[in-house]
Every structure is written in C-alpha cells, then in structure tokens.
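Asker: Predicted model follows, preceded by the sequence.
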Amino acid sequence: MCIESVYQTPLAVAMRYEDLLDVLHEDNHLLVLNKPAGWSSAHDQNSMADVAKAYLKEKYNKPGNVFLGVVHRIDKPVSGVLVFARTSKAASRLSEQFRDHAVVKTYWAVCAKPTRCNGWALGETHSLQDWLSHDDDAHIVEVVNEDFPGAKLSKLHYTVKAEHDGQLFLELSPLTGRKHQLRVQLASRGAIIHGDRKYGSVASFGHAIALHARSITILHPTTSEPLTFTAPLPKQWRGRFAHLLRAGSVSDG
C-alpha cells in the first residue's frame, strides 16, 4: 500500500505496518522516515510516531509497549526526513544535538516570487532574520518586534535554485528551529509557499504545502559518525512543478 494513499484508509485494513512507511534508515538506535504530507509527526491519532511504533512492534514481535523517542517534528502539511530514536540514550543525545543547533537541515520549497523587495534573483543566496511569536488563539506564528513578550529570534539562509512563471524553487537552511519558521519568514516577504493557505497562499496542493524536508545531518548517537539522510520528493511535486524542477536540475523521485 502506498503511504500517500492512506489518508482515506483505516490503519486496521493495512496488511503490514511496513507498507505504510518509507524507511530511509534503521538500526538499533535510529529510525529515519520519509514523512508524507498530511501526517502529523507525533501526538495525534494515527501519527507517524504511532505507525512507527506499530511497525517496530510488528517487525520485531515485541511484547508490550515499544519505546520511540520523538526528537524533532516537521509540520503536518510538510513532507520529508523525520528522525526518531529507538532507545532512551539515543533520544537524549539526539535531543541535545537539536537543542545545540548541531543538526544540519535542508529544505526545498516552491513559493511565489516577491514583487516588493530585492534578494530573489536566480542563484543568489541570502539570509533572513526575524523575531517570531506564536498566537495561541489564532494558531499562527507572526513576525513581531524584538521587545515583544516571548519573541524568539529566527534565522535562515536561502538560495534561489530556479524560477518559472512567477514561482521560485528555493533551498532553505534554517539556523534555528522555531514553529512554522520557514513558512512565516518567507510569507512575511511575499514569498508565500505554494498551498500554504494558513499564511496567505490562494493555491491548493491537497494535503500538502510545497515545503519538503530534503535532508538532515546528525551525529550517530552512539558512534558519533556524521550521517546524512535524504528524502526523495513526493510524486505530486514532479507533476505540479516539472518546469521548476527541470530548471533546478532536480530529477529524483
């Protein structure tokens, strides 16, 4: 069963839980998945964490509860690399890496080309820096002044990889890990991510927005070996953004 078709399929009818997962890496300490858009990372019913636990329990015939450490998350409408820890020691060490900003993350995004500010020319690399605040009532994140109560500094680098028909294909490197950070920092400058209606897009992209956690580099929690995991793009991207991907020399699935 293709994981992208499970939105309408009760988990109970799946023959095997491994059919629901795109496993990028698995060892005694790590489970790395390619999360499809439309699935929450954790703490919701039928989240990726729930399915991953069921997968491990089924695969290894484990009695009782299965440990799975949630060390980071990506937003529900975002696809891409998602790392889980399989032991408490791994969870502790990976969580420390994320807290210390020792993890290197790369995202790909398709967004509208801003018309009111510079810095979006093909091949250019720039940095964005903002103070962000989460509006609990509206369930959105906003750019605020530095002295706003609870404001958190957010930084990212971006490179314009391709341009076509008023859209940009960006490679993003977040230096901080704030909630909705990439979506808000881009949208505040008119570079609204395709399909991200929460932050102003008028386009539809199904369960997704055009933001993909392309790769992540961590230190293995027991060997300290640097490991990079890369998630192929969803098929939906190859159909919707064929011209952009071709211009950006992206050919993987």
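Answerer: Nice, I can see it. Values in this document were obtained by computation on a predicted structure and should not be read as measured data.

Asker: The longest strand belonging to the chain - what's its average pLDDT?
Answerer: For the chain, the longest strand by residue count, based on DSSP state E, is strand 152-164. The average pLDDT within strand 152-164 is 96.

Asker: what pairs with it, and is each one parallel or antiparallel?
Answerer: Its sheet considered, strand 152-164 pairs with strand 125-135 (antiparallel), strand 167-174 (antiparallel) by DSSP bridges.

Asker: Tell me which of these sits most buried.
Answerer: Comparing the strands paired with strand 152-164 by mean neighbour count (mean count of other Cβ atoms under 10 Å), strand 167-174 ranks first with a mean of 21. In short, each C-beta sits where N, CA and C put it, glycine included.

Asker: could you point out which element follows that strand?
Answerer: Remark: after strand 167-174, the chain's next helix or strand is helix 181-187, criterion DSSP states H and E.

Asker: before we move on, back to that, switch the strands paired with strand 152-164 over to CSV; also include mean pLDDT.
Answerer: CSV is the format used below for the strands paired with strand 152-164 (pLDDT from 0 to 100):
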stretch, mean pLDDT
strand 125-135, 95
strand 167-174, 97
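
Asker: now those as CSV including distance to Leu219?
Answerer: Conversion of the strands paired with strand 152-164 to CSV gives the following (distance: least, Cβ to Cβ, whole Å):
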stretch, distance to Leu219
strand 125-135, 25
strand 167-174, 18
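
Asker: and Val23, which of these is closest to it?
Answerer: Closest of the strands paired with strand 152-164 to Val23 is strand 167-174, at 24.4 Å (criterion: Cβ to Cβ).

Asker: Using PDB, write out the CA atom coordinates for that closest one.
Answerer: Output of strand 167-174 as PDB, limited to C-alpha atoms (Å, rounded to 0.1, in the frame of the first residue of the first chain):
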ATOM      1  CA  GLN A 167       7.400  30.900  -8.900                       C
ATOM      2  CA  LEU A 168      10.700  30.200  -7.200                       C
ATOM      3  CA  PHE A 169      12.400  27.000  -6.200                       C
ATOM      4  CA  LEU A 170      14.300  27.600  -3.000                       C
ATOM      5  CA  GLU A 171      16.800  25.700  -1.000                       C
ATOM      6  CA  LEU A 172      16.500  26.600   2.700                       C
ATOM      7  CA  SER A 173      18.900  26.200   5.600                       C
ATOM      8  CA  PRO A 174      17.300  27.000   8.900                       C
END
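
Asker: List the contacts of the nearest residue to Arg116 once chain neighbours are set aside.
Answerer: Nearest non-adjacent residue to Arg116, counting by Cβ to Cβ, 6 or more residues apart in numbering: Gly190, 5.7 Å away. With contact taken as Cβ atoms under 8 Å, 6 or more residues apart in numbering, Gly190 is in contact with 112, 114-117.
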